[in-house]
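Student: Just the structure for this:
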Amino acid sequence: MTSSKPLEGYRILDMTTFLSGPFCTQILADLGAEVVKLEAPEGDSSRHIPPYFVGEDSAYFLGINRGKKSIAVNMKLPRGLALARDLIAKSDVVIENYRPGVAARIGLDVAEIRARLPALVWASVSGFGQDGPLSDRPAYDMIVQALSGVMSLTGESGRPAVRLGIPAGDTVAGMYVAIAVNAALAHRERSGKGCHIDISMLDCQLAMLSYQSTYALVAGITPQRQAARHDSIPTYRSFVGGDGRELVITANTERMWRGLCQALGLDGLPADSRFSSGDKRLANREALWDLLEKAFLARPAADWIEPLAVNGVPVALIKTVPEALDDARESGRGMIMPLRKGDGTAIEVVGNPIKFVGMPETAAEYPPGLGADAHAVLNAWLDMDDAHIEQLLDDKAVVMRERASG
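Tutor: You can find the predicted model right below:
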């Protein structure tokens with residue numbers, strides 16, 4: 001495999017804010033695409049999310065915008081809107097997360113634009129899709145977690161539902177957009193035609209229900225809070241060690257079940273008629289859990305890792321986020337990525353999980369300052385000279401943070 005990245009040479013115009021869209025375009029930037037954030041004069045709203053900042057940008061923003069360029073355009077001005085349309089015309093892909101109908105109202109009607117630019121791939125990501133009864137409503141991560149049933153599965157039995165500890169409503173939608181964009185580009189290579197991609201955050205959460213949705217559809221049941229357990233496999237859950245620390249086991253097979261019993265010193269359990277098969281263990285799970293919970297209390301959680309692993313039982317301590325990041329730093333897989341700015345500012349972020357064998361990883365660029373790449377983008381994309389760009393800046397059709405504060 002060559003050293004060039006798979007999406008090198010493709011131009012992506014990122015007109016998204018907050019999380020789902022920027023998460024998608026960071027994936028595409030990691031894969032080699034040239035991603036330009038087209039921001040409003042005040043910038044992507046995620047630049048301003050407290051409580052943690054490096055310089056003028058939030059840690060939230062810095063974690064999802066590496067490897068991109070930024071141009072800030074005032075599309076409320078005719079010259080700004082015309083400039084945005086010119087940038088669209090030079091793009092391979094446009095990604096936006098306006099509510100349905102908003103892009104058309106501000107002068108960016110996708111049907112009209114794609115009629116002029118049939119090879120353009122346009123991706124719209126919204127809470128509920130471009131049509132349907134909820135299409136005009138705003139949506140955020142917790143809204144779609146609630147409406148999809150995901151929150152109903154999360155938490156402890158008898159207690160209120162809780163959201164997932166990660167923003168899956170946003171990030172899953174972002175991943176689906178990235179998948180769809182790559183598929184659309186492959187289709188364009190064969191046909192010469194682009195397309196309009198319609199991604200709903202709610203649809204994506206429904207797709208992630210996996211076997212829980214199938215259980216509901218096939219068996220007519222209502223899946224309940226999952227806590228740290230599994231509806232079908234009673235030896236797939238968390239336990240507490242003698243020191244109060246938690247660990248998880250996923251003893252899914254008969255071989256793993258026997259290994260679990262051997263590691264815990266419960267050699268007689270496989271012969272116990274209550275636990276002699278998977279369906280019997282499920283039917284008698286409360287009695288089984290009582291025995292396993294008592295056994296795990298005999299040692300500190302970390303002391304169970306080796307004997308369980310030796311007996312073929314998948315096992316892990318439940319790590320804190322800093323512990324998991326420290327492990328990632330030591331793994332040698334490049335999952336903790338340093339980002340450095342020209343002024344010496346340096347941060348670390350979680351890196352790109354997509355690895356291509358034989359393709360060396362390259363350092364990513366620090367997330368862009370608001371409007372910082374106006375000259376570079378307009379020179380390269382529109383062949384615009386510096387005098388013209390300065391006039392746009394003077395007219396406030398284009399904004400640069402450094403110029404405004406200088």
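
Student: what about the nearest residue to Glu56 once chain neighbours are set aside, neighbour count?
Tutor: Leaving aside its sequence neighbours, Glu56 sits nearest to Arg401 (CB to CB, 6 or more residues apart in numbering; 7.0 Å). Glycine gets a C-beta too; all of them are placed from N, C-alpha and C. Using other CB atoms under 10 Å, Arg401 has 19 other residues around it.

Student: Quick one: the helices in the stretch 51-200 of the chain, in order.
Tutor: Under the criterion DSSP state H, counting those that start in this stretch, the stretch 51-200 of the chain carries helices at the ranges 59-62, 78-89, 102-105, 110-116, 141-147, 168-191.

Student: Touching, Asp203 and Gly129? I think so.
Tutor: Yes: between Asp203 and Gly129 there is a contact under CB atoms under 8 Å: 6.5 Å.

Student: The most centrally placed residue in the chain and Tyr60, how far apart?
Tutor: Compute the mean C-alpha point of the chain, and by CA atoms, centre = their mean the closest residue is Thr171, 2.7 Å away. Per CB to CB, to the nearest Å, Thr171 is found 13 Å from Tyr60.

Student: Distance to Pro368 and mean pLDDT added to the helices of the stretch 51-200 of the chain, as JSON lines?
Tutor: Conversion of those to JSON lines gives the following (distance: least, CB to CB, whole Å; pLDDT from 0 to 100):
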{"stretch": "helix 59-62", "distance to Pro368": "10", "mean pLDDT": "98"}
{"stretch": "helix 78-89", "distance to Pro368": "15", "mean pLDDT": "98"}
{"stretch": "helix 102-105", "distance to Pro368": "23", "mean pLDDT": "97"}
{"stretch": "helix 110-116", "distance to Pro368": "25", "mean pLDDT": "98"}
{"stretch": "helix 141-147", "distance to Pro368": "24", "mean pLDDT": "98"}
{"stretch": "helix 168-191", "distance to Pro368": "18", "mean pLDDT": "98"}
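
Student: Can you say which of the ones you listed is nearest to Leu266?
Tutor: Ranking the helices of the stretch 51-200 of the chain by their distance to Leu266 (criterion: CB to CB) puts helix 168-191 first, at 36.1 Å.

Student: list the buried ones in the closest one?
Tutor: In terms of neighbour count (16 or more other CB atoms under 10 Å), helix 168-191 has its buried residues at 168-178, 180-182, 184-185, 188.

Student: for stretch 290-300, same thing?
Tutor: Under the neighbour-count criterion of 16+ other CB under 10 Å, stretch 290-300 has Leu291, Leu292, Ala295, Phe296 buried.

Student: Quick check: Leu392 touching Arg403?
Tutor: No: with contact defined as CB under 8 Å, Leu392 does not count as touching Arg403 (11.2 Å).

Student: Between those two, point out the one with more neighbours.
Tutor: More crowded of Leu392 and Arg403, by other CB under 10 Å: Leu392, with 20 against 14.

Student: Check the gap between the more buried one and Tyr140 for me.
Tutor: Per CB to CB, Leu392 is found 33 Å from Tyr140.

Student: Repeat that for Ile336.
Tutor: Ile336 sits at a distance of 28 Å from Tyr140 (criterion: CB to CB).

Student: do the same with Tyr52
Tutor: To Tyr140, Tyr52 is 20 Å away according to CB to CB.

Student: One more: Ala295?
Tutor: In this structure, Ala295 and Tyr140 are 43 Å apart, going by CB to CB.

Student: Could you tell me which residues make contact with Asn97?
Tutor: For Asn97, the contact set (CB atoms under 8 Å, 6 or more residues apart in numbering) comprises Met15, Thr16, Thr17, Phe18, Ser20, Gly21, Ser124, Val125, Ser126.

Student: how about the strands of the stretch 1-150 of the chain, start to end?
Tutor: If you assign secondary structure with DSSP state E, counting those that start in this stretch, the strands in the stretch 1-150 of the chain sit at 11-15, 34-39, 53-54, 57-58, 68-73, 93-96, 121-126.

Student: which other helices and strands contact the third one?
Tutor: This points to strand 53-54. Contacts of strand 53-54 with other secondary structure elements, assessed using 3 or more CB pairs under 8 Å, 6 or more residues apart in numbering; DSSP states H and E, are absent: no helix or strand is involved.

Student: So what touches it?
Tutor: Counting contacts by CB under 8 Å, 6+ apart, the residues outside strand 53-54 that touch it are Ala59, Leu62, Thr345, Ile347.

Student: Please report the distance of Ala374 from Ala364.
Tutor: Counting by CB to CB - Ala374 and Ala364 are separated by 21 Å.

Student: before we move on, what about Ser157?
Tutor: Distance, Ser157 to Ala364, by CB to CB: 43 Å.

Student: More neighbours: these two, which one.
Tutor: Between Ser157 and Ala364, counted using other CB under 10 Å, the more crowded position is Ala364 (19 against 9).

Student: Touching, the more buried one and Asp30? I think so.
Tutor: Yes: using CB under 8 Å, Ala364 makes contact with Asp30 at a distance of 7.0 Å.

Student: Next, show the common contact partners of the two.
Tutor: Listed contacts common to Ala364 and Asp30 are Arg66, Gly67, Asn352; contacts here mean CB under 8 Å, 6+ apart.

Student: For the last one, list the residues it contacts.
Tutor: Going back to what we said before, that points to Asn352. If a contact means CB under 8 Å, 6+ apart, then Asn352 has Ile27, Asp30, Gly334, Met337, Glu361, Ala364 as its contacts.

Student: out of the residues you listed, which is most surrounded?
Tutor: Of the contacts of Asn352, Ile27 is surrounded by the most neighbours, 24 neighbours in total, counting by other CB under 10 Å.

Student: Do you know the pLDDT at that residue?
Tutor: The predicted local confidence for Ile27 comes out at a pLDDT of 98.

Student: Can you verify my assumption that it contacts Gly174?
Tutor: Yes: taking CB under 8 Å as the definition, Ile27 is a contact partner of Gly174 at 7.0 Å.

Student: Can you lay out the shared contacts of Ala364 and Asp30 as CSV showing pLDDT and distance to Lys5?
Tutor: CSV is the format used below for those (pLDDT from 0 to 100; distance: CB to CB, whole Å):
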residue, pLDDT, distance to Lys5
Arg66, 98, 14
Gly67, 97, 10
Asn352, 96, 10
